[in-house]
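S.K.: here is a sequence with its predicted model. Questions after.
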Number of protein chains: 4
Amino acid sequence: MKIRIKLNSDVNETEQKVLLAYLDKHKLVYDNQLNLEVPENFDFSELNVFSFIEEIIKPKYPLAGKKQKETIIDIKGLKIGGNNFTIIGGPCSVESESQLLETAKACKEAGAVILRGGAFKPRTSPYAFQGLGIEGLRLLNKVGTSLKMPVISEIPDAEFLNEFIEYCDIIQVGARNMQNFQLLKALGKINKPILLKRGLAATIEEWLFSAEYLLSYGNPNVILCERGIRTFDNTLRNCLDLGAVLAVKELSHLPVFVDPSHGSGHHSYVNGLSRAALAVGADGLLIEVHNNPDCALSDGIQSLKPEKFGQLIRDLKKIAPLIDKKIS
Amino acid sequence: MKIRIKLNSDVNETEQKVLLAYLDKHKLVYDNQLNLEVPENFDFSELNVFSFIEEIIKPKYPLAGKKQKETIIDIKGLKIGGNNFTIIGGPCSVESESQLLETAKACKEAGAVILRGGAFKPRTSPYAFQGLGIEGLRLLNKVGTSLKMPVISEIPDAEFLNEFIEYCDIIQVGARNMQNFQLLKALGKINKPILLKRGLAATIEEWLFSAEYLLSYGNPNVILCERGIRTFDNTLRNCLDLGAVLAVKELSHLPVFVDPSHGSGHHSYVNGLSRAALAVGADGLLIEVHNNPDCALSDGIQSLKPEKFGQLIRDLKKIAPLIDKKIS
Amino acid sequence: MKIRIKLNSDVNETEQKVLLAYLDKHKLVYDNQLNLEVPENFDFSELNVFSFIEEIIKPKYPLAGKKQKETIIDIKGLKIGGNNFTIIGGPCSVESESQLLETAKACKEAGAVILRGGAFKPRTSPYAFQGLGIEGLRLLNKVGTSLKMPVISEIPDAEFLNEFIEYCDIIQVGARNMQNFQLLKALGKINKPILLKRGLAATIEEWLFSAEYLLSYGNPNVILCERGIRTFDNTLRNCLDLGAVLAVKELSHLPVFVDPSHGSGHHSYVNGLSRAALAVGADGLLIEVHNNPDCALSDGIQSLKPEKFGQLIRDLKKIAPLIDKKIS
Amino acid sequence: MKIRIKLNSDVNETEQKVLLAYLDKHKLVYDNQLNLEVPENFDFSELNVFSFIEEIIKPKYPLAGKKQKETIIDIKGLKIGGNNFTIIGGPCSVESESQLLETAKACKEAGAVILRGGAFKPRTSPYAFQGLGIEGLRLLNKVGTSLKMPVISEIPDAEFLNEFIEYCDIIQVGARNMQNFQLLKALGKINKPILLKRGLAATIEEWLFSAEYLLSYGNPNVILCERGIRTFDNTLRNCLDLGAVLAVKELSHLPVFVDPSHGSGHHSYVNGLSRAALAVGADGLLIEVHNNPDCALSDGIQSLKPEKFGQLIRDLKKIAPLIDKKIS
């Protein structure tokens, strides 16, 4: 972690020497502005003895904040981040093995490399379809394995952590759980990649602090995902905030995905917003695809049919090279 | 639950007779518009056999929605709702036994009847004070018991359900957890009163549906709490939405509290907003009080000193009778 | 205006003496921190010659910002501000002489002291009723004069300034015009009291700067009016921001009114929000009243019937003395 | 205008015949659902005599709403809309002839085809630089003429209509004036192209209704411009709503531009958001460019240097053909 030690204005020479000796002893290299790098586990309380230190200036997000090198995450050999542009497709909910298998095959054929599928659905109303639960996870894993596609699903609570570790290759934290700090702490203690959606009214600062929870508890494999925010307008379901993607790319080294399905709420906007997400510099897309959207148990209206999804990926493959991205 | 059975326009007389016979057999009383009341556990799937039924029109919030009688909740003899106006006070966080005891005594003397205190603090940054955890709950229970004040604290996750049942008289669901559906389901299965804060960008509809989760899983003891929403302005920490209090009182039979401390973010606004909350028709207040706000480990700036809290309650006691409320 | 002159850290004694001589010559009284009061027309550019001045720190809102004394505005002997609580009532739109006269009489009898009536209606759609224009103003003036009630109406554009000066006692700037700077400049050059509504997504800072336009162009008679802001929820038409009333009372000496009719969009919420506005410390109310709301050409749904308006004022008169307000 | 005449359910045959005779007499062609096309100046009040008409269903936006053909606007031979992608560049404010000329030449060389420059600046504070006024317009016209670039500037009030008609090729309505209905009516009565910015908290419906004002008063030459909306986050100045661009393209036949400079508030985001705007399907860009951003009298931080602007246009020219757009 890069820090700067700021001294009181009336510090004297002897005091300075004592501090420098302390730093030298701990093999910390500093410049004449007292900028230095300390290890992550550095014990700051030791510095309390130096009463002439006015402040220790630390980075806002010590771990999620920008570093030299962009994070690249490896999922069974598939690289996420850097100049890779990764497309995740699949149904909103796992409804049955046949529905999932049919959709997954179509997604793979269209060019998706990761399969999504909801098993636990967060629903505003208690009377709406809540998902197949663990059985949905098992089906997702089975279909993903058979098609050699890594799979991602949204975890509702740390209670199911073991099942998600067993069945998923990426664990999604949904928008409503972005500040479920108990869940973040639990996910921070494992090593499985996490896709962290932005909350529907979360500031960029809050989003990065939630990533910082995951990182500071030990999990370096974090993917951010912008999925639209809530505004005063309801012509579209949400307002996809592509400026936030740029802001986060500037503030952090983590890969940033975009979900144009929730980001608009209607399939007819998915193609345009996907192109825009690629053009703005995102690292991947999370798209809802359904073999029969009219019969979907959830979010049918925002799901692409497989043929539209195929067309979208062909469109993206033309644009990608122009902005130095590679669609695997 | 009140429902209405809407028939296809081309239904014939025989079909109608079959339906009425079915309703009669189940002792369901209907009028000639086919409005009827069914028990909560009624099995709607049986009606699927009648292909001439176009739609069964149910209330939006079958349980949280308006009924004849307002819900009154009993907490160790203390009544919440109806014409009672209940004041909850205490520190943002439990910091130590002496801090809590001193603040609690001052709150009781000022006129508060329930003691609040955070043990698990939801914090944006992983590096901020996270609360004393279970130890904080134990202290809260100990102090509350010694002063004969019921206590309330915010639960972070269903993992700690047993401890909260043991140590608390009311369990608070925080704004960030309003749509933590796993938590809501778990809390719905117990009988302990729940105070459900509105999420910081939750619509009134989402808030009532979250209450509906608690009620439909079996817990009738739900108190709603408006605590300010997020808007484009940041002069104040949040925008207290007192119109929402009125809206919820019209849509639901549940008691509605107001948290003017989070609703403004500054102690200097708490008195004015508390008076407004009473005047608008709320059923109680949740206020942060600290014996030494400048040294508080969290939210000091929005905490009232005990003497200001006492003055506030005296002010409220003058206004309450004019709007038919009784401050216990 | 109170300013502070901040000098460079390396300023020498001679330089300081030159500055002090300049200030003495202009009869400006300063303390040893160089805080001083300068006349409103002070020419700051003269200070540019002193290269050792680092910054001249001015108040953010030199005129609208807090001073010792609250502004009290006199409208034909009626006092606005201070401990006065003033109720304005009347129809959304002037529709006809008989409609206006009937409603105005009922408002006066109920206890309103100022009559409102829209002549130019800002309507989202070009196909909606746009108001009677100048003819509406004339009717308003006629009815107000006959009942000895001062009148207020919303000005759409500086083009009609003369007519508004002639016919109105207070000129209203509507929410959509809060940042119509040409209009503000024109209204700043007259002396007629202005009621400045907060824009529907205006920050408190922007609102006070719009007041500053009026004041800095020369008009000291400014009343602010909170009328609800736009948020993500649409259960109510707007979200009445009573915290903003408190914030503005703290930042400024100007009177602040509340419009609970637009602030909620429904007559059933007007009583509760009016009581809350009084309780929070506002200086008056602007309420839509219609003798026959169901037939109103605009905003009928949010208009009170006269008898409800009378009941409201009786309710307010009971609460007012408890918070040191006097309803005239 | 396409309308549908909906009859009462108990209409009889004779009544229907009377209506059809009326329609035939007026040479209105209808189908058996009574869908028909009426001329824009059709007098609907005549239909009031037919008491058996329940409702006349009109399109929401009769003129701004979708028609077969997209509007293409001709500005001195330059085509806007359709498959043209048009880039407008220039300084936030006209500051001096030399500043404007230098920036304009650089913009033209970089590839901009229209020159922007503010003469009347809407500023939150009355103490901020307000623009050069009419003199700024004259300079803009002079420089534009000398470089053969059409020019655009923002009109503050209908008071200056003649000067804007004389000096500008496109008249901009700023975000704060989107619902200045007097101004819209005045601009509707001329023929000069209007660029109508979306208000910073305007719904898509309100935006299209403001366009409808312009069109219904007679001006068919309307360009819409998305410039970012106000949300709860302030990491960026505004949130550019590219989903709204798609929505408006679906609802209307009018060209839609994007302003990534105000849409982000920082020059470092302009390139990414411009690419996204092109990719999403916008018809052009409005970009702030300054030859010396650090010295700009307004909005320097969001202004591109000419070389970055040149690079941006080169980037866009590579992407444009892939989405069937032509950069002139």
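M.R.: Perfect, thanks for sending it.
S.K.: need the residue closest to the centroid of chain A.
M.R.: For chain A, the residue nearest the mean C-alpha position is A:L224 (2.1 Å; C-alpha atoms, centre = their mean).
S.K.: quick check, it in a strand?
M.R.: Yes - counting by DSSP: H, G, I helix; E, B strand; the rest coil, A:L224 falls inside a strand.
S.K.: and the stretch 151-300 of chain A, which residues reach chain C?
M.R.: For the stretch 151-300 of chain A, the contact set with chain C under C-beta under 8 Å from any C-beta of the partner chain comprises A:201, A:230-232, A:234. (C-beta placed from N, C-alpha, C; glycine too.)
S.K.: if we go to 10 Å?
M.R.: A:200-201, A:229-234 (C-beta under 10 Å from any C-beta of the partner chain).
S.K.: filter the residues you listed to the buried ones?
M.R.: Neighbour counting by 16 or more other C-beta atoms under 10 Å in any protein chain shown classes A:200-201, A:229-233 among those as buried.
S.K.: just to check, A:E226 is in contact with A:L240?
M.R.: Yes - using C-beta atoms under 10 Å, A:E226 is in contact with A:L240, at 6.9 Å.
S.K.: quick one: pLDDT of A:A244?
M.R.: pLDDT, A:A244: 98.
S.K.: got a list of what it touches?
M.R.: A:198, A:202-204, A:207, A:224, A:226, A:229, A:256, A:258, A:280, D:231, D:233, D:235-236, D:239-240 (C-beta atoms under 10 Å, 6 or more residues apart in numbering or on different chains).
S.K.: could you list the low-pLDDT ranges of the stretch 1-150 of chain A?
M.R.: A:68 (pLDDT under 70).
S.K.: which parts of it are helices?
M.R.: With DSSP state H, counting those that start in this stretch as the criterion, the stretch 1-150 of chain A has helices at A:13-25, A:97-110, A:134-147.
S.K.: CSV for these, including mean neighbour count?
M.R.: Output for the helices of the stretch 1-150 of chain A, formatted as CSV (neighbours: other C-beta atoms under 10 Å in any protein chain shown):
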stretch, mean neighbour count
helix A:13-25, 12
helix A:97-110, 20
helix A:134-147, 19
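S.K.: go through the ones you listed and name the closest to A:N32.
M.R.: helix A:13-25 (10.5 Å; C-beta to C-beta).
S.K.: report the buried residues of stretch A:62-71.
M.R.: Buried, per 16+ other C-beta under 10 Å, within stretch A:62-71: A:62-65, A:71.
S.K.: before we move on, back to that, and the helices of the stretch 1-150 of chain A as CSV, adding distance to chain C?
M.R.: Formatted as CSV, the helices of the stretch 1-150 of chain A follow (distance: least, C-beta to the nearest C-beta, whole Å):
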stretch, distance to chain C
helix A:13-25, 21
helix A:97-110, 32
helix A:134-147, 31
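S.K.: adding distance to D:V29, write the ones you listed out as CSV.
M.R.: Below are the helices of the stretch 1-150 of chain A laid out as CSV (distance: least, C-beta to C-beta, whole Å):
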stretch, distance to D:V29
helix A:13-25, 89
helix A:97-110, 45
helix A:134-147, 55
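S.K.: out of the ones you listed, nearest to D:V245?
M.R.: helix A:97-110 (25.6 Å).
S.K.: secondary structure class for A:L316?
M.R.: Strictly by three-state DSSP, A:L316 counts as helix.
S.K.: state the pLDDT value of it.
M.R.: In this prediction, A:L316 has a pLDDT value of 97.
S.K.: strands of the stretch 151-300 of chain A, start to end?
M.R.: In the stretch 151-300 of chain A, the segments counted as strands under DSSP state E, counting those that start in this stretch are A:151-154, A:170-173, A:194-197, A:222-226, A:256-258, A:284-288.
S.K.: kindly report the same for the stretch 1-150 of chain A.
M.R.: Going by DSSP E, counting those that start in this stretch, the stretch 1-150 of chain A shows strands at A:2-7, A:35-37, A:53-57, A:73-75, A:78-80, A:84-90, A:114-116.
S.K.: export the ones you listed to CSV and tack on mean neighbour count?
M.R.: Listed next are the strands of the stretch 1-150 of chain A as CSV, based on neighbours: other C-beta under 10 Å:
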stretch, mean neighbour count
strand A:2-7, 16
strand A:35-37, 14
strand A:53-57, 13
strand A:73-75, 17
strand A:78-80, 18
strand A:84-90, 26
strand A:114-116, 27
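S.K.: so which of the ones you listed comes closest to chain D?
M.R.: strand A:84-90 (13.3 Å; C-beta to the nearest C-beta).
S.K.: now the angle from that closest one to strand A:222-226?
M.R.: Between strand A:84-90 and strand A:222-226, the angle formed by their directions is 70 degrees, by axes from the mean of the first three to the mean of the last three C-alpha atoms, to 10 degrees.
S.K.: so what strands line up beside strand A:84-90?
M.R.: Strands that pair with strand A:84-90, judged by DSSP bridges, come out as strand A:114-116 (parallel), strand A:284-288 (parallel), strand A:326-327 (parallel).
S.K.: residue contacts, the residue in the stretch 151-300 of chain A that chain B sits nearest to?
M.R.: Residue of the stretch 151-300 of chain A nearest chain B, by C-beta to the nearest C-beta: A:A201 (3.1 Å). When contacts are counted by C-beta under 10 Å, 6+ apart, A:A201 touches A:175, A:178, A:229-231, B:199-202, B:229-231, C:232, D:231-233.
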